[in-house]
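sequence first, predicted model second:
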Amino acid sequence: MASRVPGSSSSSSSSSSSSYWKQMALFSCCNCDPAAEEETQTQVQPCEDEPQDVCEDLPLTAEQKQKEKERLQALVKSFARAAVAGCPCAFLDLATKRQIPGRYFLDRSLTSFKLLFADGVQHSFPLKALHEAYSLPALQANESTAALAQNPAVRCLDTAAKNCLVMLEYCDSGAPQLNRLFLLEEGGVEQRDRFITCLKVLALYAQSTT
């Protein structure tokens with residue numbers, strides 16, 4: 001159900017942050033078994049130690065690494081427990097402008113993402129194939145994806161829906177093209193940001209361990 005488009009390069013900001021995310025993925029996923037502990041309620045909040053665009057390439061101190069490791073471990077563990085059980089969302093069909101209710105899942109090994117609809121239709125891909133995950137503001141800011149934000153199906157969304165919008169960009173095995181999947185993550189900006197952060201962490205961990 002995802003639309004297929006020619007592959008595109010990541011933005012410069014994405015490239016500059018890749019080493020940071022890879023490092024944090026290894027730190028945070030070393031203990032993120034979704035069945036290990038009861039779920040904790042974790043909100044996405046700015047972290048004063050989290051590198052900004054201008055300093056992402058600066059090395060973190062040992063104290064900063066530990067704080068970020070603990071923050072991401074809690075965040076990913078909470079997200080993983082919920083996603084293994086299944087989380088409500090909606091698929092945005094760009095061709096029809098329809099919002100189709102569904103649920104997304106992670107498998108228990110946290111290596112596969114699945115979107116399941118009420119009629120039994122499902123769509124899945126391995127997390128190691130995830131290329132990027134965008135919020136609408138990130139979509140608009142990225143030169144290679146900005147035109148997608150002008151799609152009529154996106155433009156006609158109300159403010160609440162726009163705040164929930166996520167675009168997942170991933171590659172099929174052996175295919176030169178990128179797939180793009182538009183979802184509405186329930187829960188507003190905080191849940192959207194948690195979804196994006198945790199998928200990126202889990203994807204980078206999957207890529208680093210294969």
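That came through fine.

for Gly102, list each beta-bridge partner.
For Gly102, the beta-bridge partners under DSSP bridges are Cys89, Phe117.

in stretch 124-131, what's buried?
By 16 or more other CB atoms under 10 Å, the buried positions in stretch 124-131 come out as 125-131. To be clear about C-beta, it is placed using only N, CA and C from the backbone, and glycine gets the same treatment.

helix, strand, or coil at Phe195?
What DSSP: H, G, I helix; E, B strand; the rest coil gives for Phe195 is helix.

okay, now it: neighbour count?
Using other CB atoms under 10 Å, Phe195 has 26 other residues around it.

do the same with the one 3 residues further on
The number of residues packed near Cys198 is 26, by other CB under 10 Å.

so it sits in a helix?
Yes. Counting by three-state DSSP, Cys198 is found in a helix.

you'd agree it is up against Phe79?
Yes. Cys198 lies in contact with Phe79 (CB atoms under 8 Å); the separation is 4.0 Å.

which parts of stretch 96-111 are buried?
Result for stretch 96-111 [16+ other CB under 10 Å]: buried residues 99-100, 102-106, 110-111.

can you tell me how far Phe113 sits from Leu106?
6 Å (CB to CB, to the nearest Å).

same question, Leu168
Taking CB to CB as the measure, Leu168 falls 13 Å from Leu106.

intersection of neighbour lists for these two?
Taking CB atoms under 8 Å, 6 or more residues apart in numbering as the contact rule, Leu168 and Leu106 both touch Phe113.
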